[in-house]
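Enquirer: just coords:
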């Protein structure tokens, strides 16, 4: 009847041990550096981004130009640093616009139900069926090219996704009895939604927006590449890729490769960080 | 037969008359959640609604507080029809809230996760424009036995009992005439449950707050109610003074329900047989007739 | 003895008191044994110890045997076999035990194939038999239903059928009727008792409801703060409970037809952060004396064969030299 110690090490039982999110931490660290670099561009950039120096056209890496130059002899490092500003700020504006529209519509649909829900759901379905870029090109055809039009158009194109997501989380949140309790206390629907329901969804919606950021940046870069977005003389990474393209035939890869790599790296980093964040917010109660 | 109406007291505070609610099911069928449910509640009184799951007791609770709109029937408090003048804006909404308040089954989910106890009460008080909010919060926390540590806690930092105390305080914050409790102690441990039941009995004694106590547990109901309504499948099977119902149930289903409560010398199998017999009898009695076999005076 | 837990102590790092302290508990074949306690008392941890699903960092001392086999030293295949076939667990919420997108039949067939005695064809027939044995009418068509098409009571029957699939020796019922209303609870309990008798299965019936345990179980263990404080036959508990905590639980449980006022136990159970070497109930106990705070709880045998761990029991008081022996009111 003697007590037997039974805390012998059990082999291979690591199910409960959470994996350290190394990839996500690296991604977040990288993004922080990119943002910092964009903010400090005037200090970091060795040249003004629009300094034309035809004598040093298409110079390779090293020496005076760390990442080389483009066809008009502009320093690629400087251009990529300054381009980061537009490339990073524009998606924020885009998502802010899409977020306001999407969250409002999604919450409205979830809260009111009935025909309002049916109407909003149909509307988002139609937008869904329509390729986002095509829609934006249509808008641009009507209102003209430029970054503002691109952001507005893509903002409208992204709104349905956010509305759909918000609707689904708002429906679940609405079913919780604390919302009923507010109604029983005599609180109006608008106040419940704005002051209590949406704030309680804020974390999960924020996580979703981070996931969308990469896609937003990519879409904006695509528009710029196609010549619909940022117009010269201002520049962003998408436009830089397009401008650098002609240099490829002359054997110079850097003018397209540098901004292209920047886009790819930032998009991947946002996806890795976003997925990690969405996981964390999703499993937490 | 004795019901609440025959009591020689002042006109009833709460009158629920002929409440009906039918839900359309996705498959095309329909579910009668409440069929002709009527009862009254005197000022400071306490009525229990008991029944198994699917009996419609929660639907009745939600109709009382306006979360579900009845298909037919009326609910009035102090002779004021709660159904009339719907959607007449904020003032009307708040006035109705001050008539009936509710405490829900799940104490955690019935509280806003972002708000501390103090903020939760402040939200209710400001909604109803209480002038002395700060003082009132202290009173309310005191009333339900929450201390200063809990006042600053969010729901996830509280125990189930504390959460339910806060939910009761929130309901009391608007000074209601009637408090509806929908399985409000079902999720709590017995020792906590008894603390909450004791609290409710005390509050009722001190303030004259009337209670509608909804539960599947007759043993609990007997401790907090004067009258009891027994429901099954949306219809009232029997209603009357709680003591009479427990000692001399008239309906076979009530008897079966009583037999299901664990006690000394209890045999679950016998309880199951009783219930099956009661359901058979009822089906035979109402064959061809009204589905509702309501015991009325 | 089918289940024999002998002086089991489970510690989590960084906590002041153990999850379980010196827990001894037995279940014989064909017996229904209640384990009663409030949230955090350790009753679910006890069940987890029997299945060996304790947290990784928990340190367990003592002995848990099921049909003579030591559970705590099991590894690999033996442990899987133990969990899959020897012991079955029935939880409180049947909906969380069933995959909502799978049909009820898939759940049962999966279990039957998993336990190894059946291929898919014979498993199907066996699933029908199982559903029939748990009292579901038209079992063949039930196999095609999804969980959301069934009520809580029906689903709990499905879960029980799943538990029976491996023909276990021991069933752990953890609050398995707490979410059900009284009538459905009676049905499920009658079913479990009937099945237990026919198959000679032992059952550890875990609940927070002392009345239910006393009315339903052959023997009952009452747990408080990780310790067994009283162990009695079911029918003696109602009137002859000896431990102040058990009596406190009875006093605060509403009893049908008895209209005494409820007397809540003051205070609240100690958390894992509250470590004390004395009687864990002393702080809330109406009969506590200063000496209780320092009395390491140990069970005292009662004349009727039960046990209680209270310093103020006459027998315990006599054993503790120097303690003032007052009578228990």
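Expert: Thanks, I have the structure now. Please read all numbers here as calculations on a predicted model, not as lab measurements. Numbering: from 1, shown residues only, chains lettered A, B, ... in the order given.

Enquirer: check which residues of the helix or strand where residue A:88 lies are buried.
Expert: For residue A:88, the enclosing helix or strand under DSSP states H and E is helix A:76-112. Neighbour-count burial for helix A:76-112, counted by 16 or more other CB atoms under 10 Å in any protein chain shown, picks out A:76-88, A:90-91, A:93-95, A:97-99, A:101-111. Backbone N, C-alpha and C define where each C-beta goes, glycine included.

Enquirer: which residue is the nearest non-sequential neighbour of the closest residue to chain A within the stretch 101-250 of chain C?
Expert: Chain A sits closest to residue C:148 of the stretch 101-250 of chain C, with a gap of 15.0 Å, by CB to the nearest CB. Leaving aside its sequence neighbours, residue C:148 sits nearest to residue C:100 (CB to CB, 6 or more residues apart in numbering or on different chains; 6.3 Å).

Enquirer: just say helix, strand or coil for that neighbour.
Expert: Of the three states, residue C:100 takes coil according to DSSP: H, G, I helix; E, B strand; the rest coil.

Enquirer: pretty sure it contacts residue C:147?
Expert: Yes. Counting by CB atoms under 8 Å, residue C:100 touches residue C:147, with 5.3 Å between them.

Enquirer: and those two? which has more neighbours close in?
Expert: Using other CB atoms under 10 Å in any protein chain shown, the more surrounded residue of residue C:100 and residue C:147 is residue C:147, with 21 against 9.

Enquirer: which ones are touching the more buried one?
Expert: If a contact means CB atoms under 8 Å, 6 or more residues apart in numbering or on different chains, then residue C:147 has C:94, C:95, C:98, C:99, C:100, C:102, C:104, C:155, C:158 as its contacts.

Enquirer: please repeat the previous calculation with a cut-off of 10 Å.
Expert: C:94-104, C:107, C:154-155, C:158-159 (CB atoms under 10 Å, 6 or more residues apart in numbering or on different chains).

Enquirer: which stretches in chain B count as strands?
Expert: Under the criterion DSSP state E, strands of chain B are mapped to B:14-24, B:30-41, B:46-50, B:72-77, B:80-81, B:100-103, B:178-182, B:210-215, B:227-232, B:235-241.

Enquirer: which stretch in those has the least confidence?
Expert: Among these, strand B:80-81 carries the lowest mean pLDDT, a mean of 88.

Enquirer: now it, how far from the centre of its chain.
Expert: Distance, stretch centre to chain centre, for strand B:80-81: 19 Å (CA atoms, centre = their mean, to the nearest Å).

Enquirer: which elements pack onto that strand?
Expert: helix B:89-99 (3 or more CB pairs under 10 Å, 6 or more residues apart in numbering or on different chains; DSSP states H and E).

Enquirer: just checking the helix it packs on against chain A, any contact.
Expert: Yes. Counting by CB under 10 Å from any CB of the partner chain, contacts between helix B:89-99 and chain A involve B:89, B:90, B:91, B:92, B:93, B:94, B:95, B:96, B:97, B:98, B:99.

Enquirer: show me the shaky parts of the chain.
Expert: If you meant another chain, say so; for now it's chain A. A:1-20, A:58, A:281-285 (pLDDT under 70).

Enquirer: I was thinking of chain C, sorry if that wasn't clear
Expert: C:315-329.

Enquirer: and residue C:203, which of the three is it?
Expert: strand.

Enquirer: give me the buried subset of the residues of helix B:89-99 next to chain A.
Expert: Here, 16+ other CB under 10 Å leaves B:93, B:94, B:95, B:96, B:97, B:99 buried among those.

Enquirer: closest one of the residues you listed to chain C?
Expert: residue B:99 (28.8 Å).

Enquirer: tell me the pLDDT at that closest one?
Expert: For residue B:99, pLDDT reads 94.

Enquirer: now the residue lying closest to it once chain neighbours are set aside: how far from residue B:140?
Expert: Among residues not flanking residue B:99 along the chain, residue B:77 sits closest, at 4.2 Å (CB to CB, 6+ apart). Separation of residue B:77 from residue B:140 (CB to CB, to the nearest Å): 22 Å.

Enquirer: what sits against residue B:161?
Expert: B:107, B:145-146, B:185, B:187-189, B:191-193, B:195-196, B:199, C:39, C:264, C:268.

Enquirer: re the thing from before, ok, what's across the strand from the residue nearest to residue B:99?
Expert: residue B:14, residue B:80 (DSSP bridges).

Enquirer: residues of the helix or strand hosting residue C:196 that come out buried?
Expert: Here residue C:196 sits within helix C:182-199, counting by DSSP H and E. Within helix C:182-199, the residues that count as buried by 16+ other CB under 10 Å are C:182-193, C:195-196, C:199.

Enquirer: check the residues you listed one by one and keep those near chain B.
Expert: Near chain B, by the rule CB under 10 Å from any CB, you find C:182, C:183, C:184, C:185, C:186, C:187, C:188, C:189, C:190, C:191, C:192, C:193 out of the buried residues of helix C:182-199.

Enquirer: need the helices for the stretch 1-150 of chain C, in chain order.
Expert: C:43-51, C:76-81, C:94-97, C:104-114, C:120-133, C:139-142 (DSSP state H, counting those that start in this stretch).

Enquirer: now the residue of the stretch 1-150 of chain B found nearest chain C. Nearest residue, chain neighbours left out?
Expert: Per CB to the nearest CB, residue B:52 is where the stretch 1-150 of chain B lies closest to chain C, at 4.3 Å. Setting aside the residues directly before and after it, residue B:52 is nearest to residue C:181 in space (CB to CB, 6+ apart), at 4.3 Å.

Enquirer: which neighbouring elements make contact with the helix holding residue C:196?
Expert: By 3+ CB pairs under 10 Å, 6+ apart, helix C:182-199 packs against helix B:252-259, helix B:268-285, strand C:32-36, helix C:120-133, helix C:152-164, strand C:170-174, strand C:202-207, helix C:210-216.

Enquirer: compute the first-to-last residue distance for stretch A:178-198.
Expert: Taking CA to CA, to the nearest Å, stretch A:178-198 runs 13 Å from one end to the other.

Enquirer: sounds good, over and out.
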